[in-house]
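Participant: requesting a structural model of the entry that follows:
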Amino acid sequence: MRRYTISVNNTSKVVDVEAVGANLFRVQIDGRLVDVTLDDHRDLAHSAITPAVTPRAVSAAPAAHTASAPLASDAPAASATAQGAAPAASGGGPRAAAAAGGGGRDKMTVPMPGVILTVDTAVGASVKRGDSLMVLEAMKMKNELKAPKDGVVAEIYVAAGQQVKFGETLVRFEA
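Facilitator: Sure thing, here's the model as predicted:
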């Protein structure tokens with residue numbers, strides 16, 4: 001269960017969210033229980049994060065100051081971690097994001113760690129949004145992974161029985 005504190009019209013509310021199934025959640029707000037079905041989602045953990053850079057004044061001993069200061073290339077990684085991005089995506093740079101599966105809209109990534117039970121599609125198959133592509137077992141629950149968009153399967157990166165981690169690329173679609 002996750003607990004969130006949100007503000008609605010300048011009134012603070014505590015919201016408890018419990019995952020009941022792959023796409024079913026039980027939400028409690030102000031003591032009232034509501035069952036919520038997730039129809040679609042976009043994993044923002046792999047979104048590009050643009051950090052705000054504030055220039056610092058140069059000190060009297062720039063060499064000593066530069067050695068202890070973080071490198072400019074480290075700033076996006078630090079910002080991504082601070083903003084709650086997945087550790088797999090916070091390596092700083094497109095190569096780390098691509099390895100984590102967040103490289104673009106033409107890929108489907110693992111939503112949670114688990115084991116692939118079945119792969120129900122093949123390379124070259126034409127799929128429609130919502131078609132079942134594979135089944136992932138996570139926490140002793142079977143989760144049907146569905147196509148996020150219409151397209152043609154260009155590559156499948158996993159096989160039945162394979163252990164997968166959050167953010168790994170499962171399927172790449174043709175552009």
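Participant: CA only for contacts and neighbour counts going forward, please
Facilitator: Will do.
Participant: pretty sure residue 129 contacts residue 152?
Facilitator: No. With contact defined as Cα atoms under 8 Å, residue 129 does not reach residue 152; the gap is 10.8 Å.
Participant: so for these two, which residue has more residues nearby?
Facilitator: Ranked by neighbour count (other Cα atoms under 10 Å), residue 129 and residue 152 place residue 152 first, with 18 against 11.
Participant: list the contacts of the more buried one.
Facilitator: 123-127, 173-174 (Cα atoms under 8 Å, 6 or more residues apart in numbering).
Participant: which of those residues count as buried?
Facilitator: The neighbour-count test (16 or more other Cα atoms under 10 Å) marks 127, 173 as buried among those.
Participant: can you redo the contacts of residue 152 as a markdown table with secondary structure and pLDDT?
Facilitator: Compiled in a markdown table, these are given as follows (DSSP: H, G, I helix; E, B strand; the rest coil; pLDDT from 0 to 100):
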| residue | secondary structure | pLDDT |
| --- | --- | --- |
| 123 | coil | 94 |
| 124 | coil | 94 |
| 125 | coil | 94 |
| 126 | strand | 94 |
| 127 | strand | 93 |
| 173 | strand | 92 |
| 174 | coil | 90 |
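Participant: and of the contacts of residue 152, the nearest to residue 160?
Facilitator: Taking Cα to Cα as the measure, residue 160 lies nearest residue 123 of these, at 14.8 Å.
Participant: relative to residue 152, how far out is that closest one?
Facilitator: Distance, residue 123 to residue 152, using Cα to Cα, to the nearest Å: 8 Å.
Participant: ok so, going back, now, among the contacts of residue 152, which is nearest to residue 30?
Facilitator: Of those, the one sitting nearest to residue 30 (Cα to Cα) turns out to be residue 127, at 41.9 Å.
Participant: which residues touch residue 149?
Facilitator: So residue 149 contacts 127-130 (Cα under 8 Å, 6+ apart).
Participant: so of those residues, which ones are in strands?
Facilitator: Members of those lying in strands (criterion: DSSP state E): residue 127.
Participant: strands of the chain, start to end?
Facilitator: Counting by DSSP E, one finds strands in the chain at the ranges 2-8, 11-19, 24-29, 32-37, 107-109, 114-119, 126-127, 132-138, 141-146, 151-156, 163-164, 169-173.
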